[in-house]
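1. Generate a structure from the sequence data that follows.
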Amino acid sequence: MDYIEIAKKYSKAGYSVIPVTSEKIPAIRDWSGFQSRPMTEKECEKNFKNCWGIALLCGGQMKVSAGDFDLKYDLSGDIFERFKKKLPVALLNKFYVQTTKNNGFHVLFTCDKVEPNQKLASRYTTCYEKHETYMKAFHDPNTRDKAIKIASNDKTRVLMETRGGSDKVAGGYVVMAPSPDYKHVFGKINKISVEEYDLIMDTAREFNDVVEVKTDIKVREYRDWKLSPFEDYNDRGDVLEVLLANGWEEINARNGSVRLKRAGHTHSKSSALFDTETRVFNCFSTSTSFDVNKGYTPTDVLSELEFDNDMSKTFKYLTSEGFGEQ
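-> Below is the predicted model:
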């Protein structure tokens with residue numbers, strides 16, 4: 001494979017590429033300079049001689065973003081197909097898509113909006129996977145004494161993540177076809193709009209199962225209460241009524257969760273989920289005041305939407321409505 005000529009074509013088009021080893025690490029020591037500019041022809045001839053493969057830097061002057069779908073951790077095996085079904089065909093046609101070494105997928109595009117690397121969707125580790133982690137650590141003499149701790153800390157598996165950077169300096173990179181075990185499926189790297197970028201990110205976050213519950217309330221300030229108004233509202237408050245009153249729309253309710261769409265114009269079919277059992281609200285749209293993939297209690301939602309996150313005002317409202325027990 002003539003990686004020198006391939007690298008020259010990328011560089012001539014304005015993209016920054018670097019040679020990589022079979023372990024997917026840079027094959028040259030000092031590659032930081034290419035985070036802000038592509039290689040010259042002479043640099044391509046020098047750096048890509050006898051290399052294993054080629055990687056494209058994301059971010060930078062071309063503002064490249066890449067989505068990485070790791071199918072080896074997808075229990076259903078079809079997460080990429082389900083993701084594509086949620087997007088308009090016109091947007092899919094703007095993607096460069098390739099298969100990866102681990103039978104996953106890379107999706108690449110450019111956009112005026114570019115962000116650092118981020119995890120978009122994860123799931124909790126299964127009991128079987130924790131057992132595998134334990135056995136691997138146990139059979140290694142260096143980690144045998146810590147096998148239980150290592151297994152207990154094996155909590156999540158990442159399903160979707162991005163490679164990006166800033167609009168001036170590249171950040172992450174992705175190995176590109178025709179590197180060994182990477183195959184181009186369809187498309188070219190095209191520019192998409194900021195609105196389309198947000199739709200891609202919001203859609204990917206819909207597949208996230210791992211939510212960190214927000215815990216900002218300082219309950220010690222209300223320790224004189226037998227049942228604090230915050231806890232009482234978390235148990236029985238009608239948070240859906242608050243969301244609907246603030247422009248959110250209920251899309252459907254099934255399997256113990258309510259799917260909602262944010263207020264305002266959006267092409268996304270949904271923007272958040274409310275778990276009716278845990279009573280945790282999880283927003284996966286960046287176009288709201290809520291942090292993405294962070295779980296909010298009913299009290300958090302009420303305070304955010306009605307009282308500008310002022311817990312003192314929220315407390316006064318809840319007590320006036322009869323929540324809590326002193």
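2. Report the secondary structure state of the residue nearest the centre of the chain.
-> In the chain, the centroid-proximal residue (C-alpha atoms, centre = their mean) is L120; its distance is 1.1 Å. The three-state label given to L120 by DSSP: H, G, I helix; E, B strand; the rest coil is strand.
3. quick one, what contacts it?
-> The contact partners of L120, by C-beta atoms under 8 Å, 6 or more residues apart in numbering, come to G67, L159, M160, E161, T162, M201, A204, R205, F207, N208. C-beta coordinates here come from the backbone N, C-alpha and C atoms, glycine included.
4. Over to V175?
-> By C-beta under 8 Å, 6+ apart, the neighbours of V175 are V20, K24, G53, I54, A55, T100, K101, Y182.
5. May I see those residues arranged in JSON lines, with distance to I150 and secondary structure as well?
-> Listed next are these as JSON lines, based on distance: C-beta to C-beta, whole Å; DSSP: H, G, I helix; E, B strand; the rest coil:
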{"residue": "V20", "distance to I150": "29", "secondary structure": "strand"}
{"residue": "K24", "distance to I150": "24", "secondary structure": "coil"}
{"residue": "G53", "distance to I150": "32", "secondary structure": "strand"}
{"residue": "I54", "distance to I150": "35", "secondary structure": "strand"}
{"residue": "A55", "distance to I150": "30", "secondary structure": "strand"}
{"residue": "T100", "distance to I150": "27", "secondary structure": "coil"}
{"residue": "K101", "distance to I150": "25", "secondary structure": "coil"}
{"residue": "Y182", "distance to I150": "31", "secondary structure": "coil"}
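6. Could you list the single helix or strand in the protein with the lowest mean pLDDT?
-> Least confident element among the helices and strands of the chain, by mean pLDDT, DSSP states H and E: strand 212-213 (a mean of 76).
7. circling back: are any of the contacts of V175 buried, and which?
-> Buried members of the contacts of V175, scored by 16 or more other C-beta atoms under 10 Å, are V20, G53, I54, A55, T100, Y182.
8. The third one contacts S16, correct?
-> Meaning I54. No - look at I54 against S16 with C-beta atoms under 8 Å: they stay out of range, at 11.2 Å.
9. residues shared between the contacts of those two?
-> By C-beta under 8 Å, 6+ apart, the residues touching both I54 and S16 are Y10.
10. Quickly check the buried ones among the contacts of V175 for the two that are furthest apart.
-> I54 and T100 (13.9 Å; C-beta to C-beta).
11. Domain map for the protein?
-> Domain assignment for the chain by automatic domain parsing gives 3-120+160-205, 212-320.
12. Compute the first-to-last residue distance for the shortest one.
-> Pointing back at domain 212-320 there. 30 Å (C-alpha to C-alpha, to the nearest Å).
13. Now stretch 146-155: buried residues?
-> Those would be A147, I150, A151, D154, for stretch 146-155 by 16+ other C-beta under 10 Å.
14. Show me how far that stretch is from its chain's centre.
-> 24 Å (C-alpha atoms, centre = their mean, to the nearest Å).
15. ok, R123 - contacts?
-> By C-beta under 8 Å, 6+ apart, the residues touching R123 are Y73, L75, T156, R157, L159, D209, V210.
16. Do I have it right that L108 meets L56?
-> Yes - contact status for L108 versus L56: in contact at 7.3 Å, counting by C-beta under 8 Å.
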